[in-house]
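Chemist: I would like to see how this sequence folds:
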Amino acid sequence: NIKPTIFNKLTTEEQLNIRMNTAIYLGYSEDYKKCNLILQTLNHTDNWLIKKMGIEWVLKKNMIEIMIQYELENYEIALNRIRSFERSFSNLFNHPIYSRANQFMQIIKKIISNPHIIKDKAFIDKVVSSMVIKPSEQEDLQAMTFYSWLKSKMQNKPFYDVLLDVVNTSSEDN
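Modeler: Now for the predicted structure:
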């Protein structure tokens with residue numbers, strides 16, 4: 001644990017990144033309740049966070065929050081956050097990198113509205129083809145992380161194990 005006096009000497013940006021990285025670590029270890037608590041300590045508006053950290057940081061924060069609400073089985077909260085996400089970031093979705101974030105959210109919406117679809121082969125094939133666009137050596141690690149989370153749901157395997165498999169497969173392709 002970081003002593004509050006040391007933590008307070010860090011810049012706001014460093015504090016926010018530490019909190020976000022802690023939340024991500026807790027998500028990898030499937031401690032979703034603690035992850036959610038950490039995310040709640042980012043108690044600023046998205047507009048304030050965009051000014052401090054940038055729009056991409058806030059977009060990813062929102063994606064992680066939605067995943068955590070899904071994991072906590074707070075499906076209505078997840079759907080509400082997805083609707084907010086769609087409104088807040090719609091101007092980014094024309095850019096290829098950010099359009100994938102929107103695709104990711106649409107897949108989560110489908111899974112929430114029809115939980116059995118996650119085991120449907122046609123659905124899985126569609127997810128794989130829509131989420132894996134670039135050759136693995138060019139793929140963004142964070143994009144691989146979001147894809148791995150979806151893949152872990154489809155395979156009913158631990159998220160971190162799937163992430164390691166995806167990353168290791170990617171590095172073997174190089």
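Chemist: which element is the closest residue to residue 142 other than its chain neighbours on?
Modeler: Leaving out its chain neighbours, the residue that sits closest to residue 142 by Cβ to Cβ, 6 or more residues apart in numbering is residue 60, at 6.6 Å. The C-beta positions use only the backbone N, C-alpha and C, and glycine is treated the same way. Residue 60 is part of helix 55-71 when elements are defined by DSSP states H and E.
Chemist: what's the neighbour count on the residue nearest to residue 142?
Modeler: Residues near residue 60, counting by other Cβ atoms under 10 Å, number 18.
Chemist: any idea how far it is from residue 66?
Modeler: 11 Å (Cβ to Cβ, to the nearest Å).
Chemist: again, but for residue 75
Modeler: In terms of Cβ to Cβ, residue 75 sits 11 Å off from residue 66.
Chemist: show me what the very next helix or strand once past the helix holding residue 60 is packed against.
Modeler: Per DSSP H and E, the first helix or strand lying C-terminal to helix 55-71 is helix 75-89. Here helix 75-89 touches helix 55-71, helix 96-113, going by 3 or more Cβ pairs under 8 Å, 6 or more residues apart in numbering; DSSP states H and E.
Chemist: for residue 79, find the nearest of those helices.
Modeler: Closest of these to residue 79 is helix 96-113, at 6.0 Å (criterion: Cβ to Cβ).
Chemist: contacts for the closest one, please.
Modeler: Helix 96-113 is contacted from outside by 59, 63, 66-67, 70, 75, 78-79, 82, 85-86, 89, 92-93, 117-118, 123, 127, 130-131, 133, 140, 143, 146, 150, 153, using Cβ atoms under 8 Å, 6 or more residues apart in numbering.
Chemist: next structured bit after it?
Modeler: Later in the chain than helix 96-113, the nearest helix or strand by DSSP H and E is helix 121-131.
Chemist: starting at the chain centroid, how far to that following helix?
Modeler: Averaging C-alpha positions (Cα atoms, centre = their mean, to the nearest Å) puts helix 121-131 18 Å from its chain's average.
Chemist: got the angle between it and helix 96-113?
Modeler: Angle of helix 121-131 versus helix 96-113, following axes from the mean of the first three to the mean of the last three Cα atoms, to 10 degrees, is 160 degrees.
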